[in-house]
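*Asks:* output the structure for:
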Amino acid sequence: MIQLHDITKTYVLGTQELTVLKGVSLHIQDGEFIAIMGPSGSGKSTLMNIIGLLDTPSTGTYTLEGRKVSHLSEREQAEVRSRRIGFVFQAFNLLPRMNALRQVMQPLLYQGVHRHEAIEHAESALKAVGLADRMHHLPNELSGGQKQRIAIARALVTNPAIILADEPTGALDSKTGEEIMGLLDELSANGVTIVMVTHEPHVAEHARRTIHILDGLIHTQ
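*Replies:* Sure thing, here's the model as predicted:
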């Protein structure tokens, strides 16, 4: 599914260079549930951004589903990102004036899917995360857990190859966080590939494999 080979990432800050990743190699199989852990500044967010095609490596290669994607053009990367990668963020990233159904429809509409078909897929995704009765509610009418369920439905609706979850329980209380992790467990059991960044050991325990990154290098996996 995912193959990273000798990935480095260096940022130029004025006259200074900051190397955040220092030769990361990582293989993730189809259907795996992976947790990435590491202290602030370790490089885990940069690694996540490269996997999500939100950033490009300075050197090395990234292969997704057998296709080298690290050296594609920005337009080509955006196309792969919209069709094959779903994102779940700590802050939910919902649009305040858009109801749950429209939030989940958006990725399909961006792809040019007909509105009627997009509605059907979005309704199905919301039902899958237990929000069949909240489809027409705005974000300010929903709890934190419900907002994160919308974010997960939005990530799922395009049938992506992989879901990237960045601190998915970070903005939730412990009980709601466990409910969201239970939902991710169900998705994993159904064969969805999940890569999750977290700083919480009890959250990482839900993953089948935990990768520890420190100072830009993978220490254990």
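
*Asks:* CA atoms of the longest helix anywhere in the chain as CSV?
*Replies:* As assigned by DSSP state H, the longest helix anywhere in the chain is helix 174-189. Provided in CSV are the C-alpha atoms of helix 174-189 (Å, rounded to 0.1, in the frame of the first residue of the first chain):
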residue,chain,number,x,y,z
SER,A,174,-11.9,10.7,27.3
LYS,A,175,-15.3,9.0,26.9
THR,A,176,-16.0,10.5,23.5
GLY,A,177,-12.4,9.8,22.4
GLU,A,178,-12.9,6.1,23.2
GLU,A,179,-16.1,6.1,21.1
ILE,A,180,-14.2,7.6,18.1
MET,A,181,-11.4,5.1,18.6
GLY,A,182,-14.1,2.3,18.6
LEU,A,183,-15.3,3.6,15.3
LEU,A,184,-11.8,3.6,13.9
ASP,A,185,-11.4,0.0,15.2
GLU,A,186,-14.5,-1.0,13.3
LEU,A,187,-13.2,0.6,10.1
SER,A,188,-9.9,-1.2,10.5
ALA,A,189,-11.7,-4.5,11.1
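
*Asks:* list the buried ones in that helix?
*Replies:* For helix 174-189, a neighbour-count test (16 or more other CB atoms under 10 Å) marks 176-181, 183-184, 187-188 as buried. C-beta: built from backbone N, CA, C; applies to glycine.

*Asks:* quick check, Thr61 in a helix?
*Replies:* No: assigned with DSSP: H, G, I helix; E, B strand; the rest coil, Thr61 falls outside any helix and is strand.

*Asks:* for the closest residue to it other than its chain neighbours, helix, strand, or coil?
*Replies:* Leaving aside its chain neighbours, Thr61 sits nearest to His5 (4.9 Å; criterion: CB to CB, 6 or more residues apart in numbering). Three-state assignment for His5 (three-state DSSP): strand.

*Asks:* what about His5, distance to Thr63?
*Replies:* 8 Å (CB to CB, to the nearest Å).

*Asks:* dump the buried residues of helix 174-189 to a markdown table, plus distance to Phe89 and pLDDT.
*Replies:* Shown next, in a markdown table, are these (distance: CB to CB, whole Å; pLDDT from 0 to 100):
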| residue | distance to Phe89 | pLDDT |
| --- | --- | --- |
| Thr176 | 16 | 91 |
| Gly177 | 15 | 92 |
| Glu178 | 19 | 92 |
| Glu179 | 17 | 91 |
| Ile180 | 12 | 91 |
| Met181 | 16 | 94 |
| Leu183 | 15 | 90 |
| Leu184 | 14 | 93 |
| Leu187 | 16 | 90 |
| Ser188 | 19 | 93 |
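
*Asks:* among those, which one lies nearest to Gly112?
*Replies:* Comparing the buried residues of helix 174-189 against Gly112 with CB to CB picks out Leu187 as the nearest, at 25.8 Å.
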